[in-house]
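Participant: only the shape, not the letters, is given here:
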Ligand SMILES: NCc1[nH]cc(CCC(=O)O)c1CC(=O)O
């Protein structure tokens, strides 16, 4: 057999585990359609599931256990043989996956920027003093606190539709959301302004989708090889560099941390930031290097942050989080 001939390995059925939010379902459907085009003989289905992260709507995620809450149930479904792959927003995937799981493909990134969404105002700068801005991201909170100290930040949880309805009923003057989610759901018209990476450096992995699988050929066929055509090399390199920075600082949702990379030919450019939630202290670094060695570029940026007392900043974050309970 020719090694390029994968047809013999294609199973009759493939099951995709997904959260049930509209964005998660859009993403899972996108993956299903692309796989269906590649493997017309395979029947592909989506198994929708509610995760603990979806159920907890009243607290800031950082206080209830962080990102893992959105992926655990999907991993259990794969381990039980109820699904072969899981589609995630990469931003929600913890840096360290549980033993036995791996990311098999990273899809081409959508717009990585944060978006300013408001019914009455055009930009953050246009908001009157005392305006309430909704975000539950410590990274976005730190940015707003440092640049717009006259604004009041209030937590905002729930899926995209829930967040938009809280804005529409007047709980907030404006909210900050990832542009990627709004664009995927056809809600681009809700975006009043984009926060450029210079002003609001995106979170590691923002705008990218990841496909997680069980390592090895647990199901008796090579899922990883089937997903390989969906992997977007430049996005994969960029997010590896970004996630390295997060990993070095043991990032949980409790740290305002941003990392954003772009790949230009063979070169990867990475920008990274850590700060305190009150926006008073931050460290910022840039690093460039071979796109083929993304983790090395990530480590270089992390070293530059460390040289600006990133550890001291993180210690302050931990103290703030502990004092908050
Ligand atoms: N934390 C929730 C989350 N995870 C991924 C996205 C948006 C889509 C993406 O970044 O791929 C969002 C919503 C948001 O931050 O506004």
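Facilitator: Yep, that arrived. Everything numeric here is computed off the predicted structure, so don't read it as measured data.

Participant: and the residue sitting nearest the centre point of the chain, what's its pLDDT?
Facilitator: The centroid of the chain falls nearest to residue 91 when counting by Cα atoms, centre = their mean (1.4 Å). What the model reports as pLDDT for residue 91 is 94.

Participant: do residue 4 as well
Facilitator: pLDDT recorded at residue 4 is 49.

Participant: likewise the one 10 residues further on?
Facilitator: The pLDDT attached to residue 14 in the predicted structure is 97.

Participant: and the helix or strand hosting it, which strands flank it?
Facilitator: Secondary structure assigned from DSSP states H and E places residue 14 in strand 13-19. Strand 13-19 has the following strand partners under DSSP bridges: strand 43-49 (parallel), strand 85-89 (parallel).

Participant: now the angle between strand 85-89 and the helix or strand following it, please.
Facilitator: Heading C-terminal from strand 13-19, the first helix or strand you meet, by DSSP H and E, is helix 22-38. Helix 22-38 runs at 130 degrees relative to strand 85-89, counting by axes from the mean of the first three to the mean of the last three Cα atoms, to 10 degrees.

Participant: average pLDDT for helix 22-38?
Facilitator: The pLDDT scores in helix 22-38 average 97.

Participant: where do the strands sit along the stretch 1-150 of the chain?
Facilitator: Counting by DSSP state E, counting those that start in this stretch, the stretch 1-150 of the chain has strands at residues 13-19, 43-49, 85-89, 101-106, 114-117, 132-134.

Participant: any stretches of the chain with poor pLDDT?
Facilitator: Within the chain, the stretches with pLDDT under 70 are 1-8, 53-68, 251-253, 324-325.

Participant: give me the distance from stretch 99-112 to the chain's centre.
Facilitator: 10 Å (Cα atoms, centre = their mean, to the nearest Å).

Participant: for that stretch, buried residues please.
Facilitator: 101, 103, 104, 105, 106, 107, 109, 110, 111, 112 (16 or more other Cβ atoms under 10 Å). In this view, the C-beta of every residue, glycine as well, is placed from N, C-alpha and C.

Participant: name the helices or strands packed onto the helix or strand hosting residue 312?
Facilitator: Secondary structure assignment for residue 312, by DSSP H and E: helix 310-323. Here helix 310-323 touches strand 267-275, strand 282-290, going by 3 or more Cβ pairs under 8 Å, 6 or more residues apart in numbering; DSSP states H and E.

Participant: in a markdown table: those, plus mean neighbour count and distance to the ligand.
Facilitator: Formatted as a markdown table, the helices and strands packed on helix 310-323 follow (neighbours: other Cβ atoms under 10 Å; distance: least, Cβ to the nearest ligand atom, whole Å):
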| stretch | mean neighbour count | distance to the ligand |
| --- | --- | --- |
| strand 267-275 | 24 | 17 |
| strand 282-290 | 17 | 20 |
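
Participant: tabulate those (a markdown table), appending distance to residue 176.
Facilitator: Rendered in a markdown table, the data for the helices and strands packed on helix 310-323 read as follows (distance: least, Cβ to Cβ, whole Å):
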| stretch | distance to residue 176 |
| --- | --- |
| strand 267-275 | 16 |
| strand 282-290 | 17 |
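
Participant: among those, which is nearest residue 255?
Facilitator: Ranking those by their distance to residue 255 (criterion: Cβ to Cβ) puts strand 267-275 first, at 6.4 Å.

Participant: by how many degrees do the closest one and strand 282-290 diverge?
Facilitator: Note on geometry: by the same axes, to 10 degrees, strand 267-275 and strand 282-290 are set 170 degrees apart in direction.

Participant: circling back: to residue 210, which of the helices and strands packed on helix 310-323 lies closest?
Facilitator: Across those, closest to residue 210 is strand 267-275 (Cβ to Cβ), at 18.3 Å.

Participant: tell me the contacts of residue 295?
Facilitator: Residue 295 makes contact with 240, 241, 244, according to Cβ atoms under 8 Å, 6 or more residues apart in numbering.

Participant: so the first one belongs to a helix, correct?
Facilitator: This means residue 240. Yes. Applying DSSP: H, G, I helix; E, B strand; the rest coil, one finds residue 240 inside a helix.

Participant: quick one on the thing from earlier: quick one, which of the strands of the stretch 1-150 of the chain is nearest to residue 75?
Facilitator: Of all those, strand 101-106 sits nearest to residue 75, with 5.9 Å by Cβ to Cβ.

Participant: quick check, the strand holding residue 14 touching the ligand?
Facilitator: No. Strand 13-19 stays clear of the ligand (Cβ under 6 Å from any ligand atom), getting no nearer than 10.0 Å.

Participant: name the residues that touch that strand?
Facilitator: Applying Cβ under 8 Å, 6+ apart, the external contacts of strand 13-19 come out as 24-25, 27-28, 31-32, 35, 39, 42-51, 53-54, 70, 73-74, 77-78, 82-87, 223, 226.
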